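A predicted structure for the sequence below; I have some questions about it.
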Amino acid sequence: MKIIGLLILAFFMQLICFEVIASSYTDSLENLINTSDRADANRVKWLNLLAAELTNEDLPKALHYAEEAKSLSVVLDDDLGTLDAFSNLAWILHTMSDDEKANLMADSAILLSTEIGLDFYLKGARIAEENEMWNTAAGLIGNTGSLHYLLRNHDEALKYATKAVELFKKVGNRKGVGGSTTTIGNVKYRQGKYQEALDTFLNVLKIREDLVREG
């Protein structure tokens, strides 16, 4: 019985210590924010960290700091900070049962993460092309086309998917050709060009059948 009692006491002591540490951490962040006149990316990080920590403690304050993080990150053109703020706001608003605004924040987070992905893919493709790493460049360009398709930027999706197909053909990567050709077919279908879409998908099917046959 004494052992059980000691275990229970140790458990509650751990809970108390955890709460003290968590409280100390949020207090330190809040003090850092309130005593600093910095308006840079570091402040955005502090605001987002504090908003996340306060989600289970004080929702109104969490909302306040997340909103400030979003506003400042937009001014600073800090996309990653804005993405973090959108994510925090989506969770905070959902917890506050404001699902309409929470969904808007979640949609904004998804859109921004896609745009960040586009920038990453294009920079990577540029570096790969400069170093004549054509297969890597083709893959990154193909991914760019796929993201534009998701964003319904159909002209851009076709442009990048077509370029990816050309590069994949250049290095003899038929699997890559099939993947980017599928993107082209999806765009054609969404544009209502059903015969062109069908022809494109039949081309993809032939590529896949050939790959299977060859093992």
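Good, I have the coordinates. Numbering: from 1, shown residues only.

What residue spans form the domains of the protein?
What automatic domain parsing lists as the domains of the chain is 38-118, 132-214.

Could I get the ones you listed in CSV, plus columns for mean neighbour count and distance to R126?
(Each C-beta comes from the backbone N, C-alpha and C, glycine too.) Shown next, in CSV, are the domains of the chain (neighbours: other Cβ atoms under 10 Å; distance: least, Cβ to Cβ, whole Å):
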stretch, mean neighbour count, distance to R126
domain 38-118, 18, 13
domain 132-214, 17, 8
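
Throw those into TSV and include mean pLDDT, thanks.
Below are these laid out as TSV (pLDDT from 0 to 100):
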stretch	mean pLDDT
domain 38-118	89
domain 132-214	92
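
Make a markdown table from those domains and add distance to L32 to it.
As requested, those are arranged in a markdown table below (distance: least, Cβ to Cβ, whole Å):
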| stretch | distance to L32 |
| --- | --- |
| domain 38-118 | 6 |
| domain 132-214 | 37 |
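
Can you check which of those domains gets nearest to Y25?
domain 38-118 (6.6 Å; Cβ to Cβ).

what residues are up against the residue nearest to the spatial centre of the chain?
By Cα atoms, centre = their mean, the chain has its centre lying nearest to S113, at 3.4 Å. Listed by Cβ atoms under 8 Å, 6 or more residues apart in numbering, the contact partners of S113 are L83.

which secondary structure element contains it?
Per DSSP states H and E, S113 falls inside helix 99-130.

Can you show me the helices along this protein?
With DSSP state H, the ranges of helices along the chain come out as 2-35, 41-54, 59-76, 79-95, 99-130, 134-150, 154-171, 174-190, 194-214.

Check which helices and strands the shortest one sits against.
Here helix 41-54 is seen to pack against helix 2-35, helix 59-76, helix 79-95 when contacts are counted using 3 or more Cβ pairs under 8 Å, 6 or more residues apart in numbering; DSSP states H and E.
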